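Asker: Sequence below, structure please.
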Amino acid sequence: MSTSRAQKVTAADVTPNRRRGGDIRVLLSPKTVKSTSGFMGELTLEPGEFVSEHRHPYSEEFLYVVRGSVLMRIEGESVRLGPGDSLMVPINDRHRLENDGAEQAFAVFHLSPLAPRPDLGHVDTEPLPHPGEVAPKVG
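Answerer: Predicted coordinates:
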């Protein structure tokens, strides 16, 4: 019996993380596909939703907007992103993503390299919109 090297992950099968705002789904990660260099996922933000400000001490974050419009704030600087726009957040820069538009926004993200341990990979720098929700583990 042969095992495929391709490991398909479907977004509908991934538990959303809403703790920091929006619908964040980590699709490809050490937990789901045993990745060793980073993780990738998708983000859906309804109008008025945001992902609270945070930083990644070990990782760069790459964001690509598929639909809608979002406002990314990096170290206090605002950058408007629409469909087809992409942006890199440097390691350790504080950033916050907001949907201040009238339609749903959808984006894809990737972070690399991985932190030495999952609990070291993300530092919140503002209160969470849904602190009581349990976040699924990424690593």
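
Asker: Can you give me the end-to-end span of stretch 6-24?
Answerer: Taking Cα to Cα, to the nearest Å as the measure, stretch 6-24 stretches 23 Å from start to finish.

Asker: Give me the contacts around it.
Answerer: 25-28, 32-33, 41-46, 49-52, 54, 97, 99, 124, 128-131, 133-136 (Cβ atoms under 8 Å, 6 or more residues apart in numbering). The C-beta positions use only the backbone N, C-alpha and C, and glycine is treated the same way.

Asker: Pull out the buried residues from those residues.
Answerer: Buried by 16 or more other Cβ atoms under 10 Å: 25-28, 32, 41-45, 49-52, 54, 97, 99, 128, 135, out of those.

Asker: In helices, which of those appear?
Answerer: Among those, the members found in helices (DSSP state H) are Thr32.

Asker: Now go through the buried ones among the contacts of stretch 6-24 and say which are in strands.
Answerer: Judged by DSSP state E, the buried ones among the contacts of stretch 6-24 include 25-28, 41-45, 50-52, 54, 97 as members of strands.

Asker: Most widely separated two among these?
Answerer: For those, the farthest-apart pair by Cβ to Cβ is Leu28 and Phe50; their separation is 24.1 Å.
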